[in-house]
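A.B. asks: fold the following and give me the result.
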Amino acid sequence: MGSDEGGAVERYLACLAVHDWDGLAATIDDNDLIREGPYCDVVEGKQPYLKFLRRVFASLTGYRLDVHRISHTTDRLCYVELSETFDIDGAPSECSECLVFEQNSAGLINRVSVFFKQTAT
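C.D. replies: Predicted structure coming up:
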């Protein structure tokens, strides 16, 4: 897909930002999706993934997604640096992340890996 604005990853992120689950569903593979989370949690399959996202986002208030950089390393592999902000105990809390997206030959996302950025302790 390359780095065009209409690529699957860009559409996925735009849909995620506004909780457009139908639009997001159109960017991911029907049968082959694997999502690996930051706690080594794994969700397999399109419908289980959409159910997971709906459940997680239903509990978030004040959600905001800010994409800082999208790096397409090949037509099938992309790194995205972003931050997600949501309210915890009534105050905004920001989480910086790096997501790795892989796309199949049809240009649909079939793998999402989520990594948290952490401050030094």
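A.B. asks: just for this structure, where's the confidence low?
C.D. replies: Scanning the chain for pLDDT under 70 picks out 1-6, 121.
A.B. asks: now for it: which helix has the highest residue count?
C.D. replies: Looking across the chain with DSSP state H, the single longest helix is helix 46-58.
A.B. asks: what's the next secondary structure element after that helix?
C.D. replies: The C-terminal neighbour of helix 46-58 among helices and strands, as given by DSSP states H and E, is strand 64-72.
A.B. asks: return the distance of that following strand from the chain's centre.
C.D. replies: When C-alpha coordinates are averaged (CA atoms, centre = their mean, to the nearest Å), strand 64-72 and its chain have centres 10 Å apart.
A.B. asks: adjust the sequence numbering to begin at 11 for everything that follows.
C.D. replies: With 11 as the first residue, the last one maps to strand 74-82.
A.B. asks: buried ones in that strand?
C.D. replies: 75, 77, 80, 82 (16 or more other CB atoms under 10 Å). Any C-beta I mention is one placed from the backbone N, CA and C, and that applies to glycine too.
A.B. asks: the third one reaches Y22, doesn't it?
C.D. replies: No. With contact taken as CB atoms under 8 Å, I80 and Y22 are classed as non-touching, separated by 10.8 Å.
A.B. asks: tell me the gap between the longest helix of the chain and the middle of its chain.
C.D. replies: Using CA atoms, centre = their mean, the offset of helix 56-68 from its chain centre is 12 Å.
A.B. asks: report the buried residues of that helix.
C.D. replies: Quick answer for helix 56-68 (16+ other CB under 10 Å): 56, 59-60, 63.
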